[in-house]
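Participant: using only what follows, build the 3D model:
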Amino acid sequence: MKNIILVGFMGTGKTTIATKLANRLDMRYLSTDDMIEKKEKRTINEIFTDSGEDYFRNVESAVVREASSMANVVIDAGGGVVIREENLTNFRSNGIVICLTAGEEVILERTKKYKHRPLLNVEDPKRKIRDLLAKRAPFYAKADHCIDTGKLTIRQAVDEITKIAEAVQ
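Facilitator: A predicted model of the protein is given here:
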């Protein structure tokens, strides 16, 4: 089976859905954020704070190249990975890219208790979500498929992705 790469904004369910999907399809789960933290020996928040977003995006692209060369994996990709075309090209070399979406209210509700989201550690997180969603929308639209997780259960989302993955094999 081709790799399945889940992209989308933070709070759309990428991690939860990717782990369940990998389990169901007997594939390996892989998180690009976890790979980055392991490689850098510091958290995403620390990387953003100490080295800036450009540095982070460069490390992220290197990790995407590495992850894309693996087989039989479900990849949970960081929310901003799509802003670099090379990342989508690398993901597609061995997989199918599925964008998970949700409305800004759903995203705010799902992310409000987390302090490890560097891009949302601002005075008005709802406005930041709206701005980032608008900025990233054209990039997310380049995914092979999009699924709105806002009104789906985890199981329903996994079912839908499984159908898509099986259809493209």
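
Participant: is Leu152 located within a helix, as I assumed?
Facilitator: No: read with DSSP: H, G, I helix; E, B strand; the rest coil, Leu152 is coil and lies in no helix.

Participant: my guess is it meets Glu160, correct?
Facilitator: Yes: proximity of Leu152 to Glu160 meets the contact threshold set by C-beta atoms under 8 Å, at 7.3 Å. No exception for glycine: its C-beta is placed from N, CA and C like everyone else's.

Participant: list the buried residues in the longest helix along the chain.
Facilitator: In the chain, taking DSSP state H as the definition, the longest helix is helix 44-68. Neighbour counts using 16 or more other C-beta atoms under 10 Å place 44, 47-48, 56-57, 59-61, 63-64, 67-68 of helix 44-68 among the buried residues.

Participant: from the contact counts, what lies against that helix?
Facilitator: helix 32-40, helix 85-92 (3 or more C-beta pairs under 8 Å, 6 or more residues apart in numbering; DSSP states H and E).

Participant: got the angle between the longest one and helix 44-68?
Facilitator: An angle of 100 degrees separates the directions of helix 32-40 and helix 44-68 when computed by axes from the mean of the first three to the mean of the last three C-alpha atoms, to 10 degrees.

Participant: for helix 32-40, name the packing helices and strands.
Facilitator: helix 44-68, strand 73-76.

Participant: contacting residues around the longest one?
Facilitator: Where contact means C-beta atoms under 8 Å, 6 or more residues apart in numbering, the residues beyond helix 44-68 that reach it are 3, 30, 32-33, 35-37, 39-40, 42, 73, 75, 77-78, 80-81, 83-84, 86-87, 90-91, 93-95, 116, 118-119, 121.

Participant: now the helix or strand harbouring Val106, how far from the centre of its chain.
Facilitator: In this assignment (DSSP states H and E), Val106 forms part of helix 104-111. Centroid separation between helix 104-111 and its chain, computed with C-alpha atoms, centre = their mean, to the nearest Å, is 15 Å.
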